[in-house]
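Chemist: Quick one, structure for this:
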Amino acid sequence: MVLGGDADGLGADMVAAMDSNMSAYWSAYGSSGGCTLLEAPGIVAYATSVPHPLFNGAIVSREPGPELDAARTQLGEKIARDGTPALWWIGPAAQEEGTGERLASKGLAEAGTVPAMIARIDDLPAAAVPERLRIDAASTPPQRAQWGRIAAVGTGFPGAAAEALADVEEGIPDTALAGQTRFTGYLDGKPVATSSLVLSHGLAGVYAVATLPEARRRGIGAAMTLHALQAAKAAGAQVAVLQSSSMGRPIYERMGFTRRFDYRIFQQT
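Modeler: The predicted model follows:
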């Protein structure tokens, strides 16, 4: 399949594809052993054993029917069991349909926005791999467990959450990872960085770009991002997408990514 798309446009089809690519990444976690996944038109909700809001939440691409309350109930039960809040990502179409207000009326708290960014892969610079850095695919369950541990620590998770993510990563079935590749960066043979590529819905999505604190400010995060997108280009992808943290946004903008819209974030406690 040749992946394409118009990186210069923000039509409904492109927005829907960006939502769906993101949902493909997060839904894989709901498929891991002991986790739960709810998929219905307009919504994907996932609950895992990782005690961090990022790994318990929902993506709403358009106003769903009763599934919205079903997801809220499912996540509420998870929160009651372990106390971990859940994050809701509300896409542009769902925002226009009043989904945020509907969630607010049920007691969810608005928690800011996250920019969705996009770029033509041909317009991005070539990956400049720092000296002594090797990047490999994490393709086996033990390799994915190591990837999860590095991604968690590099993102700032506490130790228990890092071990939980390692377990969840190891338990994702291969069928749930179709079109996805995890990458681990090794500096002098030590794992220090991660990224993930999702080829889905006509787009190349980059996720989980993280670097251990002691290996930062060497260009490793940029190298991990661009390495994933070189693999995407080799697979025929033309358009890259990601959701950026405030710390990462200037880096992605220097690469050539531009903001296309913001996800509206709500927290369920």
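
Chemist: next helix or strand past the worst-scoring helix or strand of the chain on mean pLDDT?
Modeler: Least confident helix or strand, the chain: helix 249-255 with a mean of 93, by mean pLDDT, DSSP states H and E. Once the chain leaves helix 249-255, the next helix or strand it forms, by DSSP states H and E, is strand 258-268.

Chemist: Neighbouring strands - and their directions - for that following strand?
Modeler: strand 86-90 (antiparallel), strand 109-120 (antiparallel) (DSSP bridges).

Chemist: Can you report how many residues lie near Thr155?
Modeler: By other CB atoms under 10 Å, 18 other residues sit near Thr155. All C-beta spots, glycine's among them, are computed from the backbone N, C-alpha and C.

Chemist: number of nearby residues for Gly205?
Modeler: Neighbour count for Gly205, taken as other CB under 10 Å: 28.

Chemist: what bridges to it?
Modeler: Here Gly205, judged by DSSP bridges, has bridge partners Val198, Val241.

Chemist: isn't there a helix covering Thr84?
Modeler: No. Assignment of Thr84 by DSSP: H, G, I helix; E, B strand; the rest coil gives coil, placing it outside any helix.

Chemist: can you tell me which residues contact it?
Modeler: Val50, Pro51, His52, Pro53, Asn56, Lys78 (CB atoms under 8 Å, 6 or more residues apart in numbering).

Chemist: just the strands in this structure please.
Modeler: 36-40, 43-47, 56-60, 86-90, 109-120, 133-137, 180-187, 190-200, 203-211, 239-243, 258-268 (DSSP state E).

Chemist: Would you mind writing the CA trace of the third one as CSV?
Modeler: Backbone C-alpha positions of strand 56-60 (Å, rounded to 0.1, in the frame of the first residue of the first chain) are rendered in CSV as follows:
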residue,chain,number,x,y,z
ASN,A,56,-5.6,4.9,30.5
GLY,A,57,-8.0,7.0,28.5
ALA,A,58,-10.0,7.6,25.3
ILE,A,59,-9.7,9.2,21.9
VAL,A,60,-12.9,10.7,20.6
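
Chemist: what's the angle from that strand to strand 43-47?
Modeler: 180 degrees (axes from the mean of the first three to the mean of the last three CA atoms, to 10 degrees).

Chemist: show me where pLDDT drops low in the stretch 51-200 of the chain?
Modeler: The stretch 51-200 of the chain contains no residues with pLDDT under 70.

Chemist: Which helix runs longest in this structure?
Modeler: Ranked by residue count, the top helix of the chain under DSSP state H comes out as helix 12-30.

Chemist: how about it: buried residues?
Modeler: Residues 14-30 are the ones in helix 12-30 that count as buried (16 or more other CB atoms under 10 Å).

Chemist: quick one on the thing from earlier: now do the buried residues in the least confident helix or strand of the chain.
Modeler: Arg249, Ile251, Tyr252, Met255.

Chemist: I would like the residues contacting it, please.
Modeler: Under CB under 8 Å, 6+ apart, the answer for helix 249-255 is Pro115, Met117, Ala119, Leu124, Pro125, Gly221, Ala222, Thr225, Leu226, Leu242, Ser244, Arg259.

Chemist: re earlier: how about JSON lines for the strands paired with strand 258-268, with distance to Arg216 and mean neighbour count added?
Modeler: Output for these, formatted as JSON lines (distance: least, CB to CB, whole Å; neighbours: other CB atoms under 10 Å):
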{"stretch": "strand 86-90", "distance to Arg216": "25", "mean neighbour count": "25"}
{"stretch": "strand 109-120", "distance to Arg216": "21", "mean neighbour count": "18"}
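
Chemist: of all those, which lies closest to Ile172?
Modeler: Of all the strands paired with strand 258-268, the one in closest proximity to Ile172, counting by CB to CB, is strand 86-90 (19.4 Å).

Chemist: Just want the angle from that closest one to helix 12-30.
Modeler: 160 degrees.
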